[in-house]
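Trainee: Generate a structure from the sequence data that follows.
(one chain, ligands or ions: 1)
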Amino acid sequence: MITSMKNAFSVEGLNVFITGGTQGLGKGMADGFCEMGANVAFCGRNAVKGAAVVEEIQAKYPNCTIKYYECDLLADGAIEKVVEDVIADFGTINVLVNNAGAGTFFDSMDADKNDWKEWTRVIDLDLTSYFKMSVMVAKHMREQGWGSIINITSNAAEIVNLPQRMVSYNSAKAGANRMTKMLAHEWAPFKIRVNAIAPGYTESDLTPVGDQEELNKLYSFWTDHTPTGRWGKPIEIAAMAIYLASDASEQITGSVFTIDGGYSLAN
Ligand SMILES: NC(=O)c1ccc[n+]([C@@H]2O[C@H](COP(=O)([O-])OP(=O)(O)OC[C@H]3O[C@@H](n4cnc5c(N)ncnc54)[C@H](OP(=O)(O)O)[C@@H]3O)[C@@H](O)[C@H]2O)c1
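Mentor: Next comes the predicted model:
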């Protein structure tokens with residue numbers, strides 16, 4: 001409960017679990033939470049990158065507690081195991097950030113040609129893993145009497161991104177926004193808040209593979225269509241995540257916050 005603006009935005013001492021913190025937005029949020037005095041657990045599939053993130057962040061904030069967990073969210077039983085491990089080490093999870101996601105470009109008419117893989121892979125990671133992780137962490141939050149879950153979705157949930165074709169990604173992100181509202185309503189009696197952040201194009205390592213000249217044209221197109229004239233930065237996503245984790249947002253649940261420099265206004 002906010003009693004004074006002085007500590008309304010504090011996340012000091014909270015235990016935050018971020019999926020996919022080895023690079024990009026997840027790393028930016030790990031950095032932001034550590035700077036603000038939270039304890040951070042994060043996961044990924046790349047131990048070398050995970051160790052490098054821990055080393056880099058700990059060098060910046062020597063007093064912070066940050067730990068990497070190796071986990072492929074798509075592997076059988078991996079979500080259950082990583083939640084158990086984080087709770088065993090940290091004691092509690094106060095804030096969950098479902099962030100690990102990936103997109104793919106393909107024409108829908110070709111979706112059957114590779115055994116539907118481009119559809120299922122993205123739906124499994126960007127929607128189903130968010131749901132499973134939320135459920136496993138929410139059981140624990142229900143016991144502790146409160147919690148904040150933050151789903152990183154995308155402005156792609158609401159718009160047709162051009163010129164690329166991304167049916168599975170946009171569908172998964174739209175599903176995650178709807179899931180956010182469903183879980184927010186269902187879990188409010190347990191004082192578990194569930195919100196989403198929907199970024200637009202943001203500087204990260206989530207870059208499509210392909211011909212560099214074509215990619216450069218795509219990036220220019222995206223920048224030219226962003227009213228603020230630039231892409232977002234991970235620290236700007238972190239700032240919203242910190243707000244949603246803190247008491248300042250205690251009356252907010254089931255909301256989706258778009259951070260895209262106005263891109264979706266006219267696209
Ligand atoms: N960047 C953008 O422009 C943008 C825009 C809108 C929304 N978003 C959303 O923001 C989130 C983060 O995107 P990003 O740009 O930071 O992506 P990114 O740079 O590709 O990072 C993705 C993170 O997820 C982890 N990850 C991927 N698959 C995983 C799996 N199966 N199990 C565990 N971890 C996995 C990766 O770790 P490992 O490689 O170590 O496994 C990595 O740390 C995503 O949900 C994305 O859809 C991004």
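Trainee: Stretch 93-113: how far from the chain's middle?
Mentor: Offset of stretch 93-113 from its chain centre (C-alpha atoms, centre = their mean, to the nearest Å): 12 Å.
Trainee: Number of residues surrounding residue 7?
Mentor: By the other C-beta atoms under 10 Å criterion, the neighbourhood of residue 7 contains 12 residues. No exception for glycine: its C-beta is placed from N, CA and C like everyone else's.
Trainee: which ones are touching the residue lying closest to it once chain neighbours are set aside?
Mentor: If the residues on either side of it in the chain are set aside, residue 7 comes closest to residue 247, at 7.5 Å by C-beta to C-beta, 6 or more residues apart in numbering. With contact set as C-beta atoms under 8 Å, 6 or more residues apart in numbering, residue 247 has these partners: 1-2, 7-10.
Trainee: is stretch 88-100 anywhere near the ligand?
Mentor: Yes. Using C-beta under 6 Å from any ligand atom as the criterion, contacts between stretch 88-100 and the ligand involve 99-100.
Trainee: okay, how far is it across that stretch, tip to tip?
Mentor: Taking C-alpha to C-alpha, to the nearest Å, stretch 88-100 runs 22 Å from one end to the other.
Trainee: re earlier: now, of the contacts of residue 247, which are buried?
Mentor: Under a neighbour-count criterion of 16 or more other C-beta atoms under 10 Å, the subset of the contacts of residue 247 counted as buried comprises 9-10.
Trainee: how about the contacts of residue 247, which pair is most distant?
Mentor: Maximum pairwise distance among the contacts of residue 247 (C-beta to C-beta): 13.7 Å, between 1 and 9.
Trainee: So which bits of the stretch 51-200 of the chain are right by the ligand?
Mentor: Applying C-beta under 6 Å from any ligand atom, one finds that the stretch 51-200 of the chain approaches the ligand through 71-74, 99-103, 125, 152, 154, 199.
Trainee: Tabulate those residues in JSON lines, adding columns for neighbour count and secondary structure.
Mentor: Formatted as JSON lines, the entries for those read as follows, by neighbours: other C-beta atoms under 10 Å; DSSP: H, G, I helix; E, B strand; the rest coil:
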{"residue": "71", "neighbour count": "22", "secondary structure": "coil"}
{"residue": "72", "neighbour count": "15", "secondary structure": "coil"}
{"residue": "73", "neighbour count": "22", "secondary structure": "coil"}
{"residue": "74", "neighbour count": "15", "secondary structure": "coil"}
{"residue": "99", "neighbour count": "25", "secondary structure": "coil"}
{"residue": "100", "neighbour count": "27", "secondary structure": "coil"}
{"residue": "101", "neighbour count": "26", "secondary structure": "coil"}
{"residue": "102", "neighbour count": "12", "secondary structure": "coil"}
{"residue": "103", "neighbour count": "20", "secondary structure": "coil"}
{"residue": "125", "neighbour count": "22", "secondary structure": "helix"}
{"residue": "152", "neighbour count": "28", "secondary structure": "strand"}
{"residue": "154", "neighbour count": "29", "secondary structure": "coil"}
{"residue": "199", "neighbour count": "24", "secondary structure": "strand"}
